[in-house]
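Undergrad: turn this into a structure:
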Amino acid sequence: MAFSFPAETAAFLTDIAKNNERDWFEANRDRYEAGYVEAGRAFVDEMGPRLREISPGVNAVPKINGSISRINRDTRFSKDKTPYKDHLDLWFWHGDKRGWDQPGFYLRVTADKLYLGSGMHVLNKELIVKYRDAVVDERSGKALEAAIAKVEKAGPYNVGGASRKTVPRGYDADHKRAAYLLHEGLYAGLELPFAAATKPAFADVAEGHFRATWPIGRWLLDEVVDG
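TA: Residues are numbered from 1 along each chain as shown. From the prediction side, this is the model:
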C-alpha cells in the first residue's frame, strides 16, 4: 500500500513554530488532527507489519503516547516555556515499556527535514554497564564491529550516540574498541528532505532505511537487552 505524508504536515509544523501558543493551537486543532495525529497514525499503521518482518517483537501502536509522541512539551525543567514541539516523533520500540532506552526504529518529521533510522538513543544505568561489557568482550565486540560495518556499507548512515569525552573508569582507554565506550546511546540513521515523505513510495523508502540500519539495533537487542 502506498503511503505519503500530506503537505499539511509540513505546513502545520511550520505554523506551530511561528505561533507556539495555546490559543493558536486550539484555533487550529483540526490542522493538528489532520497533519499530525492522522498522518502519524497512517504511517504507524503502514509500517507496523513491515517492521515486524524485520524484527517480530517490535511495538507499533498507532496512537498518541504510543508510537506517536505527544506534541506537548514538558516545560517543568526547561527555560523554554513554549508549550508545543515543532516536530513529529514516531517511535517503534521493543520491550514491555515504551521508551527511548529500548532498541527501536525512529522517524522525526520537521517542516523541512526527516531523520530516520534505528538503535537506542539512551542507554539507562543498567544497560550501559551491559553495553560496555559487550563492547570489550571479544565475541560480542567483534559482532558489534561487523554490525556497524554492515550498516556503513549499506548507505550513507551516521552512527551516533557518542557523548562522553573520556573512556569510563574501569575500562582500558587503549582498548581497540575504546571509541564505542564513549557512547551513551547507539543508533544509525540519515537525514532526508521533507519532500521525500510526500512521495507515494515513501513507505518503501523508510522500510529500506530501517532494514539497512537494523544490524546495530539487532546487536543491541541480542547482546545488551536480552544478553
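Undergrad: from the contact counts, what lies against the longest strand seen in the chain?
TA: In terms of residue count, the longest strand belonging to the chain (DSSP state E) is strand 183-193. With contacts defined as 3 or more CB pairs under 8 Å, 6 or more residues apart in numbering; DSSP states H and E, the secondary structure elements packing on strand 183-193 are strand 113-120, helix 125-136, strand 158-162, helix 202-219. From N, CA and C alone the C-beta is placed, and that goes for glycine too.
Undergrad: okay if I get these as CSV plus distance to residue 76 and mean neighbour count?
TA: Shown next, in CSV, are those (distance: least, CB to CB, whole Å; neighbours: other CB atoms under 10 Å):
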stretch, distance to residue 76, mean neighbour count
strand 113-120, 25, 23
helix 125-136, 22, 17
strand 158-162, 26, 16
helix 202-219, 31, 21
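Undergrad: export those as a markdown table, with columns for mean pLDDT.
TA: Shown next, in a markdown table, are the helices and strands packed on strand 183-193 (pLDDT from 0 to 100):
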| stretch | mean pLDDT |
| --- | --- |
| strand 113-120 | 98 |
| helix 125-136 | 97 |
| strand 158-162 | 97 |
| helix 202-219 | 98 |
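Undergrad: columns distance to residue 90 on top of these, output as CSV?
TA: Shown next, in CSV, are the helices and strands packed on strand 183-193 (distance: least, CB to CB, whole Å):
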stretch, distance to residue 90
strand 113-120, 9
helix 125-136, 23
strand 158-162, 18
helix 202-219, 10
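Undergrad: can you pull out the low-pLDDT segments for this structure?
TA: In the predicted model of the chain, residues 1 satisfy pLDDT under 70.
Undergrad: the residue positioned nearest the centre of the chain: which element?
TA: Geometric centre of the chain, nearest residue: residue 106, 2.7 Å, by CA atoms, centre = their mean. Per DSSP states H and E, residue 106 falls inside strand 104-109.
Undergrad: how far off centre is stretch 51-58?
TA: Taking CA atoms, centre = their mean, to the nearest Å, one finds the center of stretch 51-58 at 15 Å from the center of the full chain.
Undergrad: buried set for it?
TA: Neighbour counts over stretch 51-58 (16 or more other CB atoms under 10 Å) mark 51, 54, 55, 58 as buried.
Undergrad: on that earlier part again, quick one, the strand holding residue 106 and strand 183-193 angle?
TA: 40 degrees (axes from the mean of the first three to the mean of the last three CA atoms, to 10 degrees).
Undergrad: show me what strand 104-109 is packed against.
TA: Using 3+ CB pairs under 8 Å, 6+ apart: strand 104-109 touches helix 39-54, strand 88-93, strand 113-120, helix 202-219.
Undergrad: give me the sheet partners of it and which way each runs.
TA: With DSSP bridges as the test, strand 104-109 is paired with strand 88-93 (antiparallel), strand 113-120 (antiparallel).
Undergrad: got JSON lines for these, with distance to residue 170 too?
TA: Supplementary listing: these in JSON lines, determined by distance: least, CB to CB, whole Å:
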{"stretch": "strand 88-93", "distance to residue 170": "29"}
{"stretch": "strand 113-120", "distance to residue 170": "21"}
